[in-house]
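Undergrad: Predicted model and sequence follow; I will ask about them next.
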Protein chains: 2
Amino acid sequence: MVKLNEQTREEYMNQVMAAAMKGNIDEFRFLFLELHPADQTDVFLHLEENERKQVYEFLSPEEFAEIFEGMEIEEQLEIVSELNGHYAAEMFNNMYADDVADFFNELPADQSAEILQAMNKEEAEDVKELLTYEEGTAGSIMTKEFISIKMSDTVGDVIQQLRREGPGAETIYYLYVVNDIGGLVGVTSIRDLITSSDDEVIENIMSTQIVSVHVTTDQEEVALLIQKYDFFAAPVVTEHNILVGIVTVDDVLDVLEEEADEDIGEITASRGSTDMTLTSAQAALRRAPWIILLMFFGLFTAEVIGRFEETLQTVVLLAAFIPMIMGSAGNTGTQSLAVSVRALATGSLEKRGLWKTIVREFSTGLLIGLMSGAVITLLLTIFYGDSLLGLIVGLSIVFSLGTASVVGSTVPLAINKLKLDPAIASGPFITTLNDIVSLLIYFTVATTFLQYL
Amino acid sequence: MVKLNEQTREEYMNQVMAAAMKGNIDEFRFLFLELHPADQTDVFLHLEENERKQVYEFLSPEEFAEIFEGMEIEEQLEIVSELNGHYAAEMFNNMYADDVADFFNELPADQSAEILQAMNKEEAEDVKELLTYEEGTAGSIMTKEFISIKMSDTVGDVIQQLRREGPGAETIYYLYVVNDIGGLVGVTSIRDLITSSDDEVIENIMSTQIVSVHVTTDQEEVALLIQKYDFFAAPVVTEHNILVGIVTVDDVLDVLEEEADEDIGEITASRGSTDMTLTSAQAALRRAPWIILLMFFGLFTAEVIGRFEETLQTVVLLAAFIPMIMGSAGNTGTQSLAVSVRALATGSLEKRGLWKTIVREFSTGLLIGLMSGAVITLLLTIFYGDSLLGLIVGLSIVFSLGTASVVGSTVPLAINKLKLDPAIASGPFITTLNDIVSLLIYFTVATTFLQYL
C-alpha cells in the first residue's frame, strides 16, 4: 500500500524519478502506477519539465489520462501545451467526456476544434454534445458514460453486458432502463441484480419511481436533489424524457464546494479571488474594484456627516460613537445576510416562504436592538455620566438594528427573486447601505434631542 | 412514477389520508409506499397528530424506520414521543446504526439507555460503540453496515454472501478484505467482481492500495479525502488497522454543508443561528451576545476618537471620513478572511504553506491600498479642493488596507494553528480590530500633518 503525505511524497518522488532518469521504464512504471491516480497527479505536478517529458514517454496516453483528469484547469492548460497532438488526442479519447468538455470550455474555440478533429468520432460527438449545454446546468456537469439496459433483458444478459461495458462506465451502481427510442422507463441497481437469479427479467425487478433531472436544471438544484435522496447518481433527461447522461455524486461534491465559495464570495465581496493559486497582483486587481467602488459609497456617508456638521460642532463627542453604531448595524445586517444566503443555498427558504423569513429577521433585529440599546444607554449613563447621550445612542441602536436586519435579509432574497446579479447583495454593499441608514438615524435622533435642550 | 412537488404533494396527501381515515389499509399502503422514502418523510411531516397515529398503525416499524431516518433531529425528538416503546425499539433496530447514534446524541442519557435496553443486542452494541466516538470524528459519522470478505474467498462465494447480506448493507460498491483478526488488507469493488469469473480468488483481484481513515480523524479531513479520490466510501480503522466502519459519500455531503454553514457562521458571527427553524426570540438570544460584545469593543473606538478630540475640534470635516476609512479597511480585511477560511476548508493552505499565504495577502492588501489611496487623494483634491485632506485620507487608506489584510488573513490561520476557538476569528471581530487600528492610523496621520501646517 502506497499512501503519500507531505513527507513520504518527496522520498517516493525521488525514487520514481531516479528510475525514470536511469531510463528504467519497468521500475518507473511499477513504482508510479502503484500509486492511486490522485497521488500520481500530486507527484506529477511536483516534477520539473524535463522529468515530465520523460513521463509522457513512459506512460501510455490512456494511463496519462487519469493523471490529467485530476488536475485543476490552469494546470491542464499548461500541461497540454507540452504534449504532442497525437498523444493529446489519444489521451482525450480515454478521458470521461464531461472532463474533456470542462477543459475545452477554457480553450480557444479553434484549438478545441483541432483536437476534436483528431479524436475518435464517437468520443468527439459526446464531447461536442456536452459543450452545447450552458454552464451551471445538469447538462454541463453530466457524464455520458452510463449503462443503459432494456426491460426485456434478463439479469444474466445484463451481467454479460456489464462485463463488456463496466470498465468504461463512470459508475455501474445504477442501471437505467430505456425503451426503443432511448426514453427512461425504469431504474435498477447492481444490488438488485446480484440478489436476483440469472433468468429474472429486468422488467420485474426494476423500479419505475425514477427521480430524474432535466438537462437545463440548475446544478445547485441537482445537488440538493442528490443530497435529499442520498443517491450516488441521478439520470439526466431531455424534455422528451430521453436519457442523455448521469450526474454522479462526486460532481455534486465539487458543485457544493463551488457554491460555498460563491456564497462566501458574495458575503465578503471577494468572488472569484479566494483562489490561492492567484498571484497577489492578480488578486489585488480582482479585489480592488470592489473596495474602490465601496469607497465611493463611503463618500455618501461623508456627505451625510457633512450635512450634520452643525450638530457635530455642538457636541464633538457624538463623532466618537459613529463607529460603534455603524459597526453594530453592520454586524446585525451581516448576520441576517448569512441567514438568507444559507436559506437560499440549502433550499430551506422554499420550505418556509419569503414573507415569514423577512418578518422573522425583522423581529430578531428589533429584539437584538432593544437588548443592545438598553445595555448601551445604561453604560454611557454610568461611564460618561451623560444620560442624554446614552439615550441618543441607545435609541439610535434600536432603530438601526431593526432596519439593518430587514436590509440584510431582504436585499439578497429580493435580488434572488428578481434574478439580478447577486454581487449587489454582497456583505460590504449591505453594510455600506446600513452605514448610511444608521448614520441618518443617529444624527436625526441627535439633532431632534439637541434642539429640545 | 410518483414524484412530488409543492402542488402535487397536497393532492396526493389528501388521497393518502382519505384512504387512511376510511381505514382502508391496503389502499393507504399502496399509495404511500409507492413514494420514495424522502417523499414519504415530506408527506408524513405535513400530517396532523391524529393522522400520524393512523400511520403508525398501518406501517410496520421497519417501514417507518425509513421515514424517521429522513427527518431532522428536532422533528425526530417530537415524533419519537408519540411512539410506544416496543414500536420505537423495533424501528431503531431497523435503522442504520449511525443514524440511531446521531439521534441518541441528542437524547437524555437515561432515555437512550432505556431504548438501548429494549433493542436487539447486536444492533444495540453497534450503536453503543458509535456513541463512544467524539462528535466531528470519522468514528461519529461512520456506519457499521459494511461488507467484509476474506482473501481466500472466490468471486462466487462473495456473490452468495452479497445475496444474503446485500440488502442490509449501506453500500455494496466496495468490498473490504479483512484478515482473521479483522485487519484491513485489501479492497475490491463490485465492478471487479462482476468482470471476474466465479472461481477467481479475491486475493488475485483485490487492490492493496487502500486509502483508509482513522476513527479519530476529523470529519472535514475525511470529506477532503473522499473528494480528492472521488470515492463513494472510505474505510475507517482503529489504530491497529482493524476495520470498524465506513464513511459513505452521502454523509460527506452533510459534512460539507455543515462546514460551509460553520465557515459562514464564523465570517458573520452568526454561528448556530442561521437555522431557519428557530423563532426570532431564539435567534435573537443567540445572536445578541455577539452584537453586544462587539459593541463593547466599539467603545474602544469611541475612546480612540475621544483622545483626538482636539484634532477633531480643529477640522470637524475629518469626522466625515471616519466611516469610509473604517469601511475600506473592514472590507479588505473581510476579503482576506474569506481567502484564509476557504484555504483552511479546502485544504489548499497545506499545499502552499502559512507564510507564503500571509505574504501574499499583505502584498495584495498593500496593492489595493495604493490603488484606492491614489483614487481618493485625487477625488478629495478635486471635489473638496483640499489636497492636504486628500493626502491625509489617501495615506491613511494605504496603511490601513495593508494592515487590514494582514490582520484578516493572520488571525484565522493563527487561531487554527493554536487550536483556539475559531469564533474569535469571525468577520466582525476582525473588522472591529481593523476599525481600531485604522482609526489610530487615520488620526495619527492627521495630527502629524496638522501640526506642521
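TA: Looks like it arrived, so ask away.

Undergrad: in chain A, which spans are strands?
TA: Along chain A, the stretches classed as strands by DSSP state E are A:148-149, A:174-178, A:184-189, A:213-214, A:233-237, A:243-248.

Undergrad: Go through those strands and name the closest to B:Glu10.
TA: For those, the distance to B:Glu10 is smallest for strand A:213-214, at 22.9 Å, taking Cβ to Cβ. C-beta coordinates here come from the backbone N, C-alpha and C atoms, glycine included.

Undergrad: Quick check: which helices or strands does the closest one pack against?
TA: Under the contact definition 3 or more Cβ pairs under 8 Å, 6 or more residues apart in numbering or on different chains; DSSP states H and E, strand A:213-214 sits against helix A:219-229, strand A:233-237.

Undergrad: List the pairing partners of that strand within its sheet, with orientation.
TA: Paired strands of strand A:213-214, with direction, are strand A:233-237 (parallel) (DSSP bridges).

Undergrad: now the strands of chain A in TSV, with mean pLDDT?
TA: Below are the strands of chain A laid out as TSV (pLDDT from 0 to 100):
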stretch	mean pLDDT
strand A:148-149	93
strand A:174-178	93
strand A:184-189	92
strand A:213-214	94
strand A:233-237	93
strand A:243-248	93
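
Undergrad: Dump those strands into a markdown table; add mean neighbour count as well.
TA: Below are the strands of chain A laid out as a markdown table (neighbours: other Cβ atoms under 10 Å in any protein chain shown):
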| stretch | mean neighbour count |
| --- | --- |
| strand A:148-149 | 18 |
| strand A:174-178 | 22 |
| strand A:184-189 | 20 |
| strand A:213-214 | 20 |
| strand A:233-237 | 24 |
| strand A:243-248 | 26 |
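
Undergrad: out of the ones you listed, which comes closest to A:Thr132?
TA: That would be strand A:243-248 among the strands of chain A, by Cβ to Cβ, at 10.9 Å.

Undergrad: Alpha carbons only: can I get the closest one in CSV?
TA: Taking Å, rounded to 0.1, in the frame of the first residue of the first chain, the C-alpha atoms of strand A:243-248 are listed here in CSV:
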residue,chain,number,x,y,z
LEU,A,243,-31.8,9.6,-21.2
VAL,A,244,-28.7,11.6,-22.2
GLY,A,245,-26.4,11.3,-19.2
ILE,A,246,-26.0,11.0,-15.5
VAL,A,247,-24.7,13.3,-12.8
THR,A,248,-22.6,11.4,-10.2
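
Undergrad: that older thread, right, and the strands of chain A - which one's nearest B:Ser196?
TA: Using Cβ to Cβ, the nearest of the strands of chain A to B:Ser196 is strand A:174-178, at 18.7 Å.

Undergrad: quick one: the closest one near chain B?
TA: No: contact of strand A:174-178 with chain B (Cβ under 8 Å from any Cβ of the partner chain) is absent, the minimum separation being 10.8 Å.

Undergrad: relative to strand A:233-237, how tilted is that strand?
TA: Per axes from the mean of the first three to the mean of the last three Cα atoms, to 10 degrees, the angle that strand A:174-178 makes with strand A:233-237 is 20 degrees.

Undergrad: Off-centre distance for strand A:174-178?
TA: Centroid separation between strand A:174-178 and its chain, computed with Cα atoms, centre = their mean, to the nearest Å, is 29 Å.

Undergrad: Neighbouring strands of that strand in the sheet, and parallel or not?
TA: Looking at strand A:174-178 with DSSP bridges, its partner strands are strand A:148-149 (parallel), strand A:184-189 (antiparallel).

Undergrad: Contacts for it, please.
TA: Strand A:174-178 has contacts (Cβ atoms under 8 Å, 6 or more residues apart in numbering or on different chains) with A:146-151, A:158, A:184-190, A:193, A:202-203, A:206, A:231-233, A:235, A:243, A:246.

Undergrad: And for stretch A:18-34?
TA: Applying Cβ under 8 Å, 6+ apart, the set of residues contacting stretch A:18-34 is A:2, A:12, A:15-16, A:40, A:43, A:51, A:54-55, A:58-59, A:63, B:209.

Undergrad: cool, and stretch A:430-440?
TA: Under the contact criterion Cβ under 8 Å, 6+ apart, stretch A:430-440 has outside partners A:294, A:297-298, A:300-301, A:304-305, A:322, A:325-326, A:328-330, A:332-334, A:337, A:396, A:400, A:403-404, A:407-408, A:411-412, B:323, B:327, B:330-331.
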